[in-house]
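*Asks:* just coords:
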Ligand code: HEM
Ligand SMILES: CC(C)=CCC/C(C)=C/CC/C(C)=C/COP(=O)(O)OP(=O)(O)O
């Protein structure tokens, strides 16, 4: 049997095992936060099994968890056997071996929970499930990297960035803006100017950031606080104005670098469609409007947190971190996480643990979101002089970080569901979309093209969007 083919098959088996282990963690968390556990109080057979007619979402979660445990157990055993049969890295052998040893312990702990063991068993069971998932994920990354190195050695041509670095121009060589011809017709000029101001506000990011804030508001209602329409609308309006303001400052500060990058060379300030001074004034006006809306119709804490978010993105990220350190994305993730606290604060006037957990999910998700895009646009970022992680550390290291941050995001999502007591809508959404997101990043190793990396970037947005929507449905529709 061909050794390379064997290793490839092993990588596929390990990928399937890792995805199954994630599904198990997510379903297990959901079972422990719902009435699913009450479905069955004996083990291994289920004398309290309900009739099919009375099956609810909670029952399905319980049975889904059992089936997932069986399937994952078989896959873990198969992976363990495979490490003995083929020549794998020592780290892979010990990590998979750890999962093989821990799995039966998990089965015993799971049985103890079913028959009514002490409450702490539940926590240990969840923690151990996460350890098994982490072991498999790290083993998978090592395996995929090894086979990627083997496949690249001697053969494949380097990926081309969609920016096509070999043939692209750098957008001009002078320091000043490139003037794009302005139309003669006043209506067309007006349309172009309005379009420029709209572009400053980065509208494409808004839906997801707004959804973070709405999910924060939804989680807050689980405390018993009520959410009225004025608070919801004013929080979103203040948030949209604030995102617009910080996006505008980002456009102003980065206008010289933007002109050197193909992805951003079309931005309005690069073409002097609006004077930078006017853009700055627009940004300041948006900050003032945002603060006014939030102070008058929401509360001072929400306004203060929003002001901090603007400063975080426009100054800390844009001016300090982005041009100076490869940690810019990781540390910059805090800006996007703040809307979770803003949403919660708008409803409660304080900051609570589930909101911090949601902020943690966004913080961990950010590198998994952005590094895939940065991999695809690495040549462009290098031209712009930004020390993005794939530019400084290379594609393989960036892909490894995408995998690790994604793993951490998936686990944090489960912790959030557990802390907030979210139910089957959230569980099934995180299982389905989490598996899709994980599979799309694993595919980057198999097909290391920029198109596949970009697909992971979009998968990151769909994943987070779906999770947030599930929180909104659970908190504002089902519980509300
Ligand atoms: C350091 C943090 C982040 C960085 C560096 C980053 C970077 C980027 C970049 C460069 C784009 C492409 C923009 C374009 O070409 O117009 C983008 C798109 C996007 N980002 Fe992020 N992002 C970050 C955080 C976030 C956060 C926190 C959210 C929301 C929770 C978010 C949501 C989106 C969305 C929805 C898109 C648009 C995708 C599309 O075009 O459909 N990003 N991001
Ligand atoms: C409530 C509030 C004010 C929140 C602000 C948080 C915020 C706007 C976070 C988004 C961060 C983001 C999309 C960065 C884009 O990267 P980039 O700026 O590096 O992208 P670019 O290369 O396209 O300029």
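*Replies:* Yes, it's here. Model, not experiment: these values are computed from the prediction. Numbering: from 1, shown residues only. Ligands and ions are numbered 1, 2, ... in the order given.

*Asks:* from now on I want contacts and neighbour counts done on CA atoms only, so please keep to that.
*Replies:* Noted.

*Asks:* burial count for residue 125?
*Replies:* Residue neighbour count, defined by other CA atoms under 10 Å, stands at 22 for residue 125.

*Asks:* that one against residue 106, yeah?
*Replies:* Yes. Proximity of residue 125 to residue 106 meets the contact threshold set by CA atoms under 8 Å, at 6.2 Å.

*Asks:* what about the helices in the stretch 1-150 of the chain?
*Replies:* Listed in chain order, the helices of the stretch 1-150 of the chain (DSSP state H, counting those that start in this stretch) span 3-33, 57-85, 90-114, 119-152.

*Asks:* now the phi/psi pair for the residue located most distally from the centre of the chain, please.
*Replies:* Farthest-out residue of the chain from its mean C-alpha position, per CA atoms, centre = their mean: residue 184, at 44.8 Å. For residue 184, the backbone dihedrals (degrees, to the nearest 10) come out as phi -80, psi -40.

*Asks:* and it, what is it in contact with?
*Replies:* Neighbour list for residue 184: empty [criterion: CA atoms under 8 Å, 6 or more residues apart in numbering].

*Asks:* residue numbers of the stretch 351-480 of the chain in contact with ligand 1?
*Replies:* Within the stretch 351-480 of the chain, the positions adjacent to ligand 1 are 366, 370, 461 by CA under 6 Å from any ligand atom.

*Asks:* most neighbours among those, which one is it?
*Replies:* Counting neighbours by other CA under 10 Å, residue 366 leads these with 24 neighbours.

*Asks:* next, the buried residues of the helix or strand hosting that residue.
*Replies:* Here residue 366 sits within helix 353-376, counting by DSSP states H and E. In terms of neighbour count (16 or more other CA atoms under 10 Å), helix 353-376 has its buried residues at 354-376.

*Asks:* I figured residue 79 hits residue 11, correct?
*Replies:* No. At 9.3 Å, residue 79 and residue 11 do not qualify as touching, with contact defined as CA under 8 Å.

*Asks:* if I look at residue 365, how far off is ligand 2?
*Replies:* Using CA to the nearest ligand atom, to the nearest Å, one obtains 12 Å as the distance from residue 365 to ligand 2.

*Asks:* wait, what's in contact with that residue?
*Replies:* Taking CA under 8 Å, 6+ apart as the definition, contacts of residue 365 comprise 405-406, 409, 460.

*Asks:* helix, strand or coil for residue 274?
*Replies:* Secondary structure of residue 274, reduced to three states by DSSP: H, G, I helix; E, B strand; the rest coil: coil.

*Asks:* burial count for the residue of the chain found nearest ligand 1?
*Replies:* Ranking the residues of the chain by distance to ligand 1 (CA to the nearest ligand atom) places residue 336 first, at 3.4 Å. Look at residue 336: counted by other CA under 10 Å, it has 21 neighbours.

*Asks:* what helix or strand is it located in?
*Replies:* helix 328-348.

*Asks:* that helix vs helix 353-376, what angle?
*Replies:* For helix 328-348 and helix 353-376, the angle between their directions (axes from the mean of the first three to the mean of the last three CA atoms, to 10 degrees) works out to 150 degrees.

*Asks:* close to ligand 2: what parts of the stretch 201-350 of the chain are there?
*Replies:* Proximity of the stretch 201-350 of the chain to ligand 2 (CA under 6 Å from any ligand atom) is limited to residues 239, 242-243, 246, 306, 309-310, 313, 335-336, 339.

*Asks:* now, those that are in helices?
*Replies:* Cross-referencing these with the helices (criterion: DSSP state H) gives 239, 242-243, 246, 306, 309-310, 335-336, 339 as the overlap.

*Asks:* residues in contact with residue 355?
*Replies:* Neighbour list for residue 355: 216, 219-220, 340-341, 344 [criterion: CA under 8 Å, 6+ apart].

*Asks:* gap between it and residue 420?
*Replies:* With distances defined as CA to CA, to the nearest Å, the gap from residue 355 to residue 420 amounts to 9 Å.

*Asks:* same check, this time on residue 405
*Replies:* Applying CA to CA, one obtains 22 Å for the distance of residue 405 from residue 420.

*Asks:* residues near residue 204, how many?
*Replies:* Other residues close to residue 204 by other CA under 10 Å number 9.

*Asks:* which element, helix or strand, includes it?
*Replies:* For residue 204, the enclosing helix or strand under DSSP H and E is helix 203-221.

*Asks:* so what secondary structure elements neighbour that helix?
*Replies:* helix 229-253, helix 328-348, helix 353-376, helix 450-472 (3 or more CA pairs under 8 Å, 6 or more residues apart in numbering; DSSP states H and E).
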